[in-house]
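Trainee: next comes the sequence, and after it the predicted model I'd like to discuss.
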Amino acid sequence: MNSVSSPQEQSLASVVVVDYGLGNLRSVTRGLERAGADVEITDDPAAFEAADGVVLPGVGAFREGVENADPLREDLLAVAEQGTPLFGICLGMQMLLTSSEEGETDGDSAVQGLDLISGTNVRFAEGQKVPHMGWNELSVERDHPLVEGVDGNYAYFVHSYYAAPDDEAATVATTDYEREFPSIVANESGNVFGTQFHPEKSGETGLQILRNFVEICAEE
Ligand SMILES: NC(=O)CC[C@H](N)C(=O)O
């Protein structure tokens, strides 16, 4: 088991950043610490269970992410089941869904995501410049504590696929990149959610999202 802790004087909540061999763990950790969390980077399921909140980071391809996280699959599902806030970032958000078109285009069989939010991830249309890379606007579509104070603000994106939830009620915020796509999604009970953008790379808006997340965790 890998564990790296960074005690904070006045931490508001204990947050685990899941280490499954992918993802910009350090920058996510720094962002969460700035937001007031006591952060542990680990792959220890006991730590997931004990934490006030769990972050599933992610940079890379869907197939690699799902395969790397497979040994932790049941533990992540248990986190969601017990009502602990589970926050997926970019590829981590995409892994919360049922599946993705990514990795199917080369003829491979579909890999299954966590299916905590029913739906797939789809590629931007042929002819659209991908990846969608840069700052873009968030339009909040429905209330969720994660989006307090960020409607109309800008966040930083780097992705070629986006979430297509089966139920439009799962869409918390949208962003426009030649077409509107869900930039923040959440499950029905609201404790599982994800951002397509990188809050840890999104300046003050990203810090606000992370502060909102830490507050959600602190209420656990
Ligand atoms: N930055 C990423 O991790 C991108 C996630 C996914 N491979 C996509 O292109 O949408």
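Mentor: All right, it came through fine. Numbers count the residues shown, from 1 in each chain.

Trainee: would you mark the buried spots in stretch 86-103?
Mentor: By 16 or more other Cβ atoms under 10 Å, the buried positions in stretch 86-103 come out as 86-100, 102-103. Placement of C-beta: from N, CA and C, glycine included.

Trainee: and what of stretch 34-49?
Mentor: For stretch 34-49, a neighbour-count test (16+ other Cβ under 10 Å) marks 35-45, 47-48 as buried.

Trainee: would a markdown table of those with secondary structure, distance to residue 190 and pLDDT be doable?
Mentor: As requested, these are exported to a markdown table (DSSP: H, G, I helix; E, B strand; the rest coil; distance: Cβ to Cβ, whole Å; pLDDT from 0 to 100):
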| residue | secondary structure | distance to residue 190 | pLDDT |
| --- | --- | --- | --- |
| 35 | coil | 19 | 97 |
| 36 | coil | 21 | 97 |
| 37 | strand | 19 | 98 |
| 38 | strand | 23 | 97 |
| 39 | strand | 22 | 98 |
| 40 | strand | 24 | 98 |
| 41 | strand | 25 | 98 |
| 42 | strand | 25 | 98 |
| 43 | coil | 26 | 97 |
| 44 | coil | 26 | 98 |
| 45 | helix | 23 | 97 |
| 47 | helix | 23 | 98 |
| 48 | helix | 19 | 98 |
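
Trainee: contacts with the ligand among the residues you listed, please.
Mentor: Counting by Cβ under 6 Å from any ligand atom, nothing from the buried residues of stretch 34-49 sits close to the ligand.

Trainee: what's near enough to touch the residue nearest to the spatial centre of the chain?
Mentor: Centroid-nearest residue in the chain, with Cα atoms, centre = their mean: residue 88, separated by 1.7 Å. Going by Cβ atoms under 8 Å, 6 or more residues apart in numbering, residue 88 touches 55, 56, 58, 94, 95, 96, 192, 193, 194, 195.

Trainee: please narrow those residues to those residing in helices.
Mentor: Within those, residues falling in helices by DSSP state H are 94, 95.

Trainee: filter the contacts of residue 88 down to the ones in strands?
Mentor: 55, 56, 192, 193, 194, 195 (DSSP state E).

Trainee: so in this structure, which helix runs the longest?
Mentor: In the chain, with assignment by DSSP H, the single longest helix is helix 203-218.

Trainee: orientation of that one relative to strand 37-42 in degrees?
Mentor: Calculated by axes from the mean of the first three to the mean of the last three Cα atoms, to 10 degrees, helix 203-218 forms an angle of 80 degrees with strand 37-42.
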